[in-house]
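Participant: Any chance you could fold what I've pasted below:
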Amino acid sequence: MTMKITETINPLRRKLVGSLGCGALALSITGFARAAAESKRIDVWKSPTCGCCKDWITHLQANGFSVSSFDEGNSDTRKRFGMPIRFGSCHTAEIQGYAIEGHVPAREINRLLEEKPDAIGLSVPAMPRGSPGMDGPAYGGAKDPYDVLVIDSNGMASVFQSYR
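Facilitator: Numbers count the residues shown, from 1 in each chain. All right, here's what the predicted structure looks like:
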């Protein structure tokens, strides 16, 4: 009985094709993971001594954001984005071209990135107790009602989400 050479090659060929397919899948998953991580990359400008800014950054990281922070203050960044000072807070962040001003919950940042409105970004003006970063033990569990505002390209605000 003689064996044809094609009978020997076919099982090897199947293994090779299968391996190539798995490799391509692994590369595509890796590329997707990189793109997802890049889409959740956020830069934060804050005061070097502000504890609540650090706590907000911890909140973002716990919610899957990759954070780079800069201890240079945030006034210049706020101006660069055209975020009106009346919506200001102790830190300003940038993600995918949007400004994030103050203690905005990660949930609302994710919603902003999904909906992609024509806007400057989001703001939680001032520093309400109970907002992310303002919710640590030092605040004794106190919670102020607050609104997350979406700031349109004309600098006008509307309520994006209320927290009561």
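
Participant: Excluding sequence neighbours, find me the nearest residue to the residue nearest the centre of the chain.
Facilitator: The centroid of the chain falls nearest to residue 40 when counting by C-alpha atoms, centre = their mean (3.9 Å). Of all residues not flanking residue 40 in the chain, residue 65 sits nearest, at 4.9 Å (C-beta to C-beta, 6 or more residues apart in numbering). C-beta here means a position set from N, CA and C on the backbone, and glycine is covered the same way.

Participant: if I pick that neighbour, what's in contact with it?
Facilitator: For residue 65, the contact set (C-beta atoms under 8 Å, 6 or more residues apart in numbering) comprises 40, 41, 42, 95, 106, 109.

Participant: Contacts only, for the first one.
Facilitator: In this structure, residue 40 makes contact with 64, 65, 66, 95, judged by C-beta under 8 Å, 6+ apart.

Participant: hmm, back to that, please check the contacts of residue 65 and keep the buried ones.
Facilitator: When the contacts of residue 65 are checked for burial by 16 or more other C-beta atoms under 10 Å, the buried set is 40, 42, 95, 106, 109.

Participant: In this structure residue 133 contacts residue 52, no?
Facilitator: Yes. Under the criterion of C-beta atoms under 8 Å, residue 133 makes contact with residue 52 at 4.5 Å.

Participant: Going by the annotation, which residue ranges form each domain of the protein?
Facilitator: Under the assignment automatic domain parsing, the domains of the chain span 1-39, 41-163.
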